[in-house]
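# Sharing a model prediction with you, sequence too.
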Amino acid sequence: MKPQLLIVDDEKPSREGLRAALEERYEIYTAEDAASAIDLLEREKFDVLVSDLRMPGEDGMKLIQRAKALPRPPVCILMTAYGSEELAVEAMKKGADDYISKGRLQLDELEMRIGRLLRSRGLEAENVQLQQQLDDRYGMHTIVGESAPLREVLGTVKQVAPSRATVLLEGESGTGKELVAHAIHNLSPRAKGPFVAVHCASLSANLLESELFGHEKGAFTGAFERRQGRFEMADGGSLFLDEIGEIDPAVQVKILRVLEAREFERVGGNQKIQVDTRLITATNRDLKKMVADGKFREDLFFRLNVIRIQLPPLRDRREDIPLLANAFLKEFNRENDKRVKDIAPEVMDLFQKYAWPGNIRELRNVVNRMVVMARGERLMSRDAPSELKESKPLPPSSTTASESLNLAEMEKRLIAKALEKTGGNISRAAPLLGISRRTMHRKLNELNLPADG
């Protein structure tokens, strides 16, 4: 379909001349004054408005202001026979996207400007759509759950995201470390910058060095051209290094240098490249033990461990399993064009009792498989994989009898931990626990805990 273009000019020869010149590429509408133009703008969705400045009644500037207030404003170009730099600046302030003098008007130039503005608006719309898709996939709302351990993680994420500090995410495989890394990026001032992820364990030491820092042409066999590294790609944004505990000591040294000096050299090069990249790392290994065993540099560990977030395994947040399972059910219904309405209670019971060694990733894969194999409108135990039905169920609590705590003791520990994190500040501690300040005061009185307010 042709883009819709509205020409507004009180001089008929000018209107019709523009119509004749542009109608091959655009669907043209015309109006002789601002009032007629507004009537058309409210009834039709125009892509472009080209308006004269001087007209009876409202002038072109006021018309553009009104056009830009519409839910879907058109690209606006102001024409005038009274060209001046001051007028151009004023027109842009009032919302005009471009400004052209009638006295020097060349039709091919006008077409070029309209095309450029439409392409620019198309790119902006694509960027907004892409950002929305990223937010839908990686925003905080995609981290599903209401358990106390998860609320503590999300509270920390919100607190550290606006800072420049490096973040170390620890947790078993499948606990959602990359999703949390995306959330930190999206909640930070760097959200409009790139988010670049590298899975370190999948690359050899030489390949990882080239992947992170790039290489110069001829740096090694097969290096036929210069290549940017991931640190450069993430400049102005965030770089997420998953499985950081798997990297070679030589690469550890180069990462440490970037953190200390914010500069590095490509493989095979000697030019220093400066970057402003926030580093978020993740591991399922015990880095402290690796430092003690001489397998990980202590100085790098200290630089990475500025903010440490421990992600809980799924077995420690079993109250979140129904929420996650139902979220995955909706996702895979859409993906597989299925109409499974719900999950049978006996299946949810299997989910609650299973140990989930693969954590959220394993639950997601199981629900996907069950949705694909479902023979009705409900996920039944017959659809469940054998490992769930044959596994030894978890005990009712993840703690042993000797470690078990009553509810009051558990609450007291959680509140004390939140207060310790916030220096005793109630207003900051309450959101970490997902409760109001008023509820926090009541709990403090009940449990006889001090706080600063």
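Thanks, I have it. If you're wondering where the values come from, they're calculated on a predicted model, not measured in any experiment.
# Can you tell me the SS state at the residue in the chain sticking out farthest from the centre?
Going by CA atoms, centre = their mean, the residue of the chain most distant from its centre is residue 13, 51.5 Å out. Assigned with DSSP: H, G, I helix; E, B strand; the rest coil, residue 13 falls in the helix class.
# Lowest average confidence across helices and strands of the chain, where is it?
None of the helices or strands of the chain scores lower by mean pLDDT, DSSP states H and E than helix 107-138, at a mean of 66.
# need the next SSE after that helix, C-terminal direction.
Downstream of helix 107-138, the next assigned helix or strand under DSSP states H and E is helix 148-160.
# in the helix or strand residue 20 falls within, what's buried?
Assigned by DSSP H and E, residue 20 belongs to helix 12-22. In terms of neighbour count (16 or more other CB atoms under 10 Å), helix 12-22 has its buried residues at 14, 15, 18, 22. No exception for glycine: its C-beta is placed from N, CA and C like everyone else's.
# Run through the helices of the stretch 201-350 of the chain in chain order.
For the stretch 201-350 of the chain, the helices defined by DSSP state H, counting those that start in this stretch occupy 205-213, 230-233, 249-261, 287-292, 298-304, 321-336, 345-353.
# elements contacting the shortest one?
Contacts defined by 3 or more CB pairs under 8 Å, 6 or more residues apart in numbering; DSSP states H and E place helix 230-233 against strand 195-199, helix 205-213.
# Out of these, the one nearest residue 109 is which?
Nearest to residue 109 among those is strand 195-199 (39.7 Å), distances taken as CB to CB.
# helices and strands around that closest one, which ones?
helix 177-186, helix 205-213, helix 230-233, strand 238-242.
# tell me the mean pLDDT for the longest one?
Just to be clear, that refers to helix 177-186. Across helix 177-186, pLDDT averages out at 93.
# Now do it: distance to the chain's middle.
Its chain's C-alpha centre and that of helix 177-186 lie 7 Å apart, by CA atoms, centre = their mean, to the nearest Å.
# Same check on the shortest one?
Between the mean C-alpha location of helix 230-233 and the chain-wide mean there is a distance of 18 Å, by CA atoms, centre = their mean.
# Please work out the average pLDDT along that helix.
The average pLDDT for helix 230-233 rounds to 92.
# Residue 324: which of the helices and strands packed on strand 195-199 is closest?
helix 177-186 (11.8 Å).
# ok, residue 272 - contacts?
263, 264, 265 (CB atoms under 8 Å, 6 or more residues apart in numbering).
# same thing with residue 238?
181, 184-185, 188, 190, 193-196, 277-280.
# quick check, nearest of the residues you listed to residue 300?
The nearest one, if we look at the contacts of residue 238 relative to residue 300 and count by CB to CB, is residue 279, at 10.7 Å.
# any idea of the pLDDT on the closest one?
Listed pLDDT for residue 279 reads 96.
# so who does the nearest residue to it once chain neighbours are set aside touch?
Using CB to CB, 6 or more residues apart in numbering and skipping the chain neighbours, the partner closest in space to residue 279 is residue 166 (4.8 Å). Applying CB under 8 Å, 6+ apart to residue 166 gives the contacts 259, 278, 279, 280, 281, 303, 304, 306, 307.
# repeat that with 7 Å
259, 279, 303, 304, 306, 307 (CB atoms under 7 Å, 6 or more residues apart in numbering).
# Turn the residues you listed into CSV, columns for distance to residue 118 and neighbour count.
Formatted as CSV, the contacts of residue 166 follow (distance: CB to CB, whole Å; neighbours: other CB atoms under 10 Å):
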residue, distance to residue 118, neighbour count
259, 44, 16
279, 39, 22
303, 48, 18
304, 46, 25
306, 46, 15
307, 45, 18
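# of these, closest to residue 427?
Of all those, residue 427 sits closest to residue 307, with 20.7 Å by CB to CB.
# So that closest one versus residue 354, what's the distance?
Separation of residue 307 from residue 354 (CB to CB, to the nearest Å) stands at 32 Å.
# now residue 184
Distance of residue 184 to residue 354, computed by CB to CB: 30 Å.
# Next: residue 66.
61 Å.
# got it, and residue 296?
Residue 296 is 33 Å from residue 354, by CB to CB.
# for residue 339, same thing?
Distance of residue 339 to residue 354, given as CB to CB: 26 Å.
# Looking at those two, which has the bigger crowd around it?
residue 354 (23 against 9; other CB atoms under 10 Å).
# Quick check: that one touching residue 387?
No - counting by CB atoms under 7 Å, residue 354 does not reach residue 387; the two are 8.0 Å apart.
# Tell me which residues touch residue 149, please.
So residue 149 contacts 312, 316, 317 (CB under 7 Å, 6+ apart).
# While we're on the nearest residue to the first one once chain neighbours are set aside, how confident is the model there?
For residue 312, the nearest residue in space outside its immediate sequence neighbours is residue 149; the separation is 3.9 Å by CB to CB, 6+ apart. On the pLDDT scale, residue 149 is placed at 90.
# go on, residue 303?
94.
# can you pull the contacts of it?
166, 256, 259.
# Please produce CSV containing those residues, extended by distance to residue 244.
What follows is the contacts of residue 303, written out as CSV (distance: CB to CB, whole Å):
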residue, distance to residue 244
166, 11
256, 12
259, 12
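# and which of those is nearest to residue 348?
residue 166 (39.2 Å).
# how far away is that closest one from residue 20?
Counting by CB to CB, the separation of residue 166 from residue 20 is 62 Å.
# Same question for residue 38.
For residue 38 relative to residue 20 (CB to CB), the value is 25 Å.
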